[in-house]
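> need a 3D model of the following:
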Amino acid sequence: MQAWFASHSLVSYIVIFVLITYVYNKVFRVRQKLPLLKEILLYILMAIGSGMLLVFQHDKLPIIQCLLVAVALMLLVRVRYFVEARQKKKAETAGKRG
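Below you'll find the model as predicted:
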């Protein structure tokens, strides 16, 4: 997999940028919207950072794999919160009946 990403630089860059954008939006995003220019600057800086991480990916560091693990862990936490919320809601409805 590492060799395939090394031979397909554009795909690697796009994957890194998409994963970084997802991590930012789910973890570091503030509740209020940023002004448009700040938002554009932020995405430009993330694009530059993705380019730097692409260099590390070509130097045989598993950047994409690490980002995939981070996204998987974030999804796991979201599923856990969802299950806990359902259990809490179920317990509340059972408490109201009894």
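> now stretch 34-46: average pLDDT?
Across stretch 34-46, the average pLDDT comes to 94.
> return it as PDB; C-alpha atoms alone will do.
Below are the C-alpha coordinates for stretch 34-46, written out as PDB (Å, rounded to 0.1, in the frame of the first residue of the first chain):
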ATOM      1  CA  LEU A  34     -15.400  31.800  11.100                       C
ATOM      2  CA  PRO A  35     -15.400  34.800   8.800                       C
ATOM      3  CA  LEU A  36     -14.900  33.900   5.100                       C
ATOM      4  CA  LEU A  37     -11.400  35.100   4.700                       C
ATOM      5  CA  LYS A  38     -10.200  33.300   7.800                       C
ATOM      6  CA  GLU A  39     -11.900  30.100   6.600                       C
ATOM      7  CA  ILE A  40     -10.200  30.400   3.200                       C
ATOM      8  CA  LEU A  41      -6.800  31.100   5.000                       C
ATOM      9  CA  LEU A  42      -7.400  28.000   7.200                       C
ATOM     10  CA  TYR A  43      -8.000  25.700   4.200                       C
ATOM     11  CA  ILE A  44      -5.000  27.200   2.400                       C
ATOM     12  CA  LEU A  45      -2.800  26.400   5.400                       C
ATOM     13  CA  MET A  46      -4.300  22.900   5.600                       C
END
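> that stretch: which residues count as buried?
Buried residues in stretch 34-46, counted by 16 or more other CB atoms under 10 Å: Met46. Placement of C-beta: from N, CA and C, glycine included.
> list of residues touching that stretch?
Stretch 34-46 is contacted from outside by Phe17, Ile20, Thr21, Tyr24, Lys33, using CB atoms under 8 Å, 6 or more residues apart in numbering.
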